[in-house]
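>>> Kindly return the folded structure for what I paste below:
(one chain, ligands or ions: 2)
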Amino acid sequence: MMIIMHPGAHKEQIKNVIAEIEKHKLSSHLIEGIEQTIIGAVGDGHYVAKEIFEALPGVESVQRISQPYKLASRQFHEQDSIFEFNGFSVGGMEVPIIAGPCSVESRAQILEIAQAVKEAGANALRGGVFKPRTSPYAFQGLGEEGLEYMAEAREKTGLPIVVEVMAVSQLKMMEKYVDVFQLGARNMQNFNLLRAIGETRTPVLFKRGMSATIEEMLMASEYILSGGNPRVMLCERGIRTFETATRNTTDINAIPVLKKLTHLPVIIDPSHSTGDSAFVSSIAKAGVAAGADGIIVEVHQDPAHAISDGKQSLTPEAFAKMVKQVRAVAEAVDRRLVN
Ligand code: PEP
Ligand code: MN
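Ligands and ions are numbered 1, 2, ... in the order given. Below is the predicted model:
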């Protein structure tokens, strides 16, 4: 339910509405606009009559949010959410690019690739240190040692770092290092992890589960938002279909559909979407043309010898070429790259 206050509503009247919301065991979320305050009442408010709120002093109108997700919905928050980072923003005019290897493999590897992607136009650095591998015998990541290398790469390049968190037990330690948590496709419905991330105030790159519908994705993001962490960026990373020619099938439709349903930024991952470096640039361009607010892409200095996802990793040269072409596409749809 959204309770829209009169433009001149007093603080006491707002407090009174919040108290009424809490009386019904719902949580309140305040949006203070320049002229008006809107209060979201979130939870199972099915049985609470909207007339109760309409009768309170200072209330202009009350609307029910018809979608099952609330805080993620555009009904709750009409304007695009824009999140500020060191050097760029996501969700506004700019289209930032997050680039780096699938996994942090060594100090020398990540420092070299960080510098290379920065020079080619990246705005943030990605690199996994806890890897969700299909086989338990495959490389599982460097853990905290890898985070130290990522932090050093940030210090040397100024690029904020994006790192996947796989378990609740990793959160506290990782929070000290990372600028953005990546929530991986395989964990999209790990509700304990989602709730725990919702309790942090670290921004989240939230990947779509490989078999998740758009509604399931938005419902899952609600676990983080309802914990009070508002900075969630949704990421289309390809879904499983009957098609086997590529690793996954990019759901390009998801980008404009998500932009219609939610105010949260939408990021395209052309690497996991396709699984093949030959198609990455095409899908990065398609994503931006379809309205994506950013790109996350895998880049490796020696893809043939990468420990994970080498087949889909671009060389720094191919990445630089992709950036050049993405720039032209961004401009064609009235957006721009950060630099
Ligand atoms: C990754 O980014 O390396 C990764 C494992 O992604 P996803 O969760 O989308 O498979
Ligand atoms: Mn990967």
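>>> Heading C-terminal from the helix or strand containing Leu111, find the next helix or strand.
In this structure, Leu111 sits in helix 107-120 according to DSSP states H and E. Counting by DSSP H and E, the next helix or strand C-terminal to helix 107-120 is strand 124-126.
>>> which helices and strands does the following helix or strand past that next one pack with?
Remark: after strand 124-126, the chain's next helix or strand is helix 144-157, criterion DSSP H and E. In this structure, helix 144-157 packs against helix 107-120, strand 124-126, strand 161-165, helix 168-175, with contacts taken as 3 or more CB pairs under 8 Å, 6 or more residues apart in numbering; DSSP states H and E. C-beta: built from backbone N, CA, C; applies to glycine.
>>> Please identify the deepest-packed of these.
When the helices and strands packed on helix 144-157 are scored by mean count of other CB atoms under 10 Å, the highest mean neighbour count falls to strand 124-126 (a mean of 28).
>>> before we move on, the earlier item: for Leu56, find the nearest of the helices and strands packed on helix 144-157.
Ranking these by proximity to Leu56 (CB to CB) places helix 168-175 first, at 38.8 Å.
>>> Verify the assumption that Met219 is located in a helix.
Yes. Counting by DSSP: H, G, I helix; E, B strand; the rest coil, Met219 is found in a helix.
>>> so what does the helix holding Leu111 touch, helix or strand wise?
Counting by 3+ CB pairs under 8 Å, 6+ apart, helix 107-120 packs on strand 97-100, strand 124-126, helix 144-157, helix 316-332.
>>> Relative to ligand 1, which of the ones you listed is closest?
strand 124-126 (7.0 Å; CB to the nearest ligand atom).
>>> Which one of the residues in the stretch 201-339 of the chain is closest to ligand 1?
Taking CB to the nearest ligand atom, the stretch 201-339 of the chain has Arg237 as its residue nearest ligand 1, at 3.9 Å.
>>> ok, that residue - contacts?
For Arg237, the contacting residues are 185, 207-208, 210, 248, 269, 272-273, by CB atoms under 8 Å, 6 or more residues apart in numbering.
>>> ok, now Gly287?
Contacts of Gly287 by CB under 8 Å, 6+ apart are 236, 250, 252, 255, 268, 270, 295.
>>> Secondary structure element for it, which one?
helix 277-289.
>>> buried sites along that helix?
277, 279-281, 283-289 (16 or more other CB atoms under 10 Å).
>>> That one vs helix 316-332, what angle?
Angle, helix 277-289 to helix 316-332, by axes from the mean of the first three to the mean of the last three CA atoms, to 10 degrees: 20 degrees.
>>> Give the helix, strand or coil label for Glu60.
strand.
>>> mind checking how far it is from Ser28?
Counting by CB to CB, to the nearest Å, the gap from Glu60 to Ser28 is 17 Å.
>>> Just want to know which of those two has more residues nearby.
Per other CB atoms under 10 Å, whichever of Glu60 and Ser28 has more neighbours is Ser28, with 17 against 14.
>>> Secondary structure element for the more buried one, which one?
Counting by DSSP H and E, Ser28 is found in strand 27-32.
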